[in-house]
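K.L.:
show me the folded form of this:
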Amino acid sequence: MKINRLILIETSSPGNLGAALRVAANFGVTNVALVRPKATIEDPIVDQWACGARQYVDIEVFDDLDAAAADSKTLVATASGRGRPDQPIVSPSEAIDTVLQRGSEDAALVFGSETRGMNRDDLDRCDLAVRIPTDPAFPVLNLTQSIAILLSHFAIESSPSETNQPEPAPHHTVEALMAHLHTTLAEIGYLDPDNPDRILRKIRRVFGRAGITENEAAIFRGICRQVDWARQNPRDTDGGRFNR
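P.N.:
Okay, here's the model as predicted:
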């Protein structure tokens, strides 16, 4: 198993962008998705730092993470965990073990901007958040260093394994389920209208840890549809229709 996509959010330095393309090519990552890049791919500095890597990498530009990750089945984010004590953070080895257990070939590494990292909404959309262990006295890594370290971890530690674990659902399926849950839970008054993401964020984490499958997502959406129907037909006495 290897990572088949890098997703870079709001990369601002053309040097970092070029170096990231070079590292991607070094480790056989053939697709790099750029989300709202600040540095343009046409900047000559990108080619200088890429050192010829662009011919080995397909580059796509997207407006948001959902579009960039639509077909990915496992999203591994990078995060320091500072200021987010409730955000579960795993080590690179733990992240690799989880991806291998899922048996998914459609895994992507997600990196935030050089100055701010990843925002909360984007981080919530990822299945795992990994922190590279560094010296507390000077913990901040350059973007390209982080990419190289994690890709090398995956290259060294991961190997093909026999598994009967079902494939996780692609990101767009999970997001459609989350949107349906948001609507249904809000309609029945389960969500705090002033802070609906508090519960939804926890549900996301459950799905992320479990690697929810297409079939499981369909079951949850069937439950939502039945709840929606029951709410709209409160006087029905025959038990309701079976609305999968």
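
K.L.:
okay, now the unreliable bits of this structure?
P.N.:
1-2, 80-87, 103-105, 158-164, 236-244 (pLDDT under 70).

K.L.:
care to break it down by domain?
P.N.:
5-157, 171-232 (automatic domain parsing).

K.L.:
wait, which of those is closest to residue 165?
P.N.:
Closest to residue 165 of these is domain 5-157 (Cβ to Cβ; 4.6 Å). From N, CA and C alone the C-beta is placed, and that goes for glycine too.

K.L.:
now do the same end-to-end measure for the closest one.
P.N.:
Counting by Cα to Cα, to the nearest Å, you get 18 Å between the two ends of domain 5-157.

K.L.:
now that domain: how far from the chain's centre is it?
P.N.:
Chain-centre distance of domain 5-157: 10 Å, with Cα atoms, centre = their mean, to the nearest Å.

K.L.:
one more: stretch 190-201?
P.N.:
21 Å.

K.L.:
and the helix ranked longest in the chain, what other elements does it pack with?
P.N.:
Assignment by DSSP state H gives helix 214-232 as the longest helix of the chain. For helix 214-232, the packing partners by 3 or more Cβ pairs under 8 Å, 6 or more residues apart in numbering; DSSP states H and E come out as helix 171-187.

K.L.:
counting by contacts, list what the helix it packs on packs against.
P.N.:
helix 65-68, helix 197-210, helix 214-232.

K.L.:
that helix vs helix 197-210, what angle?
P.N.:
With axes from the mean of the first three to the mean of the last three Cα atoms, to 10 degrees defining the directions, helix 171-187 sits at 140 degrees from helix 197-210.
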